[in-house]
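Asks: Predicted model, plus sequence, below.
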Amino acid sequence: MKLLDHIRAWAVGFTENGKYSPVGVWFHWIMAGLVLYQLFSGWMMQRYQVGGDKLEVYARHSELGLSLLLLAILRGLWRLFIPDPINAADNQGWKTTAAHVTHIGFYALFALLPLSGWCLWSAIQPAQPLYLAGLVPLPPMPFYDLSPAWQYRVLDWAEDTHVVGVIGLCLLLPLHIGAALKHHFWDRDDVVTGILPEIPDDPTHPQYGRYNRPAG
């Protein structure tokens, strides 16, 4: 318990100053990179011809999606353990509510998209397991006992659900990015800086030299 208390005290030292902890920051940016890559790879998959190569790309796409689901769960647990910082975004009434709804939408999609993708994979390739983070084998969902007609229905439902989820993600991302840009360039508040990796400005800080080069 003392270790957890130390971790919490360390993280709260950041949140009390309006910043996310380094753990929260890296959760955000790693997941953001994965989301953008998944959207790009999902679009590129449509260009592959039907065959072994396309199945391999589908497998990698599905595995990354399940890894994203795992990260979302871990990030959610971290947020329960370490509350988000209070910053300028929490003082704007309906805008704060809209931001919270957007975040809930992201988390819902981080569950819906990987699970529907896993469902799709289980319906088209039940003999080949997926690997969580490339390491832990995940068995297919038990659709092989269904009749061919029901397997097709499951496949059709999962595909439609996945497409709707992608559309939802493509709608939420511009809202999220646009709101962040407004906060930073129009409102000039501390919302965006709170989620950026911290760059030390103290010359005595052990990491100072990595970010601040001497003049000349």
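Replies: Received the coordinates, thanks. Please read all numbers here as calculations on a predicted model, not as lab measurements.
Asks: doesn't Pro22 make contact with Trp78?
Replies: No. Counting by C-beta atoms under 8 Å, Trp78 does not reach Pro22; the two are 11.2 Å apart. Backbone N, C-alpha and C define where each C-beta goes, glycine included.
Asks: Which stretches in the chain count as helices?
Replies: 2-15, 22-45, 52-81, 94-124, 148-181, 208-211 (DSSP state H).
Asks: To Pro137, which of those lies closest?
Replies: helix 52-81 (10.4 Å; C-beta to C-beta).
Asks: so how far is Pro129 from the closest residue to Cys119 other than its chain neighbours?
Replies: Nearest residue to Cys119, sequence neighbours excluded (C-beta to C-beta, 6 or more residues apart in numbering): Ala158, at 3.9 Å. Counting by C-beta to C-beta, to the nearest Å, the separation of Ala158 from Pro129 is 17 Å.
Asks: tell me the pLDDT at Val164?
Replies: At Val164, the pLDDT value in this model is 97.
Asks: what's the closest of the helices of the chain to Ile195?
Replies: Ile195 lies closest to helix 22-45 among the helices of the chain, at 5.6 Å (C-beta to C-beta).
Asks: any weak-confidence spans in the chain?
Replies: 1, 51-52, 87-92, 125-127, 199-216 (pLDDT under 70).
Asks: residues in contact with the spatially most central residue of it?
Replies: Centroid-nearest residue in the chain: Met31, 3.5 Å away (criterion: C-alpha atoms, centre = their mean). Going by C-beta atoms under 8 Å, 6 or more residues apart in numbering, Met31 touches 68, 71-72, 75, 110.
Asks: Based on its surroundings, how many neighbours for Leu173?
Replies: Residues lying near Leu173 (other C-beta atoms under 10 Å) number 16.
Asks: contacting residues around it?
Replies: Leu173 is in contact with Val35, counting by C-beta under 8 Å, 6+ apart.
Asks: and the closest residue to Val192 other than its chain neighbours, what is it in contact with?
Replies: Closest residue to Val192 apart from its sequence neighbours, by C-beta to C-beta, 6+ apart: His184 at 4.1 Å. By C-beta under 8 Å, 6+ apart, the contact set of His184 is 191-193.
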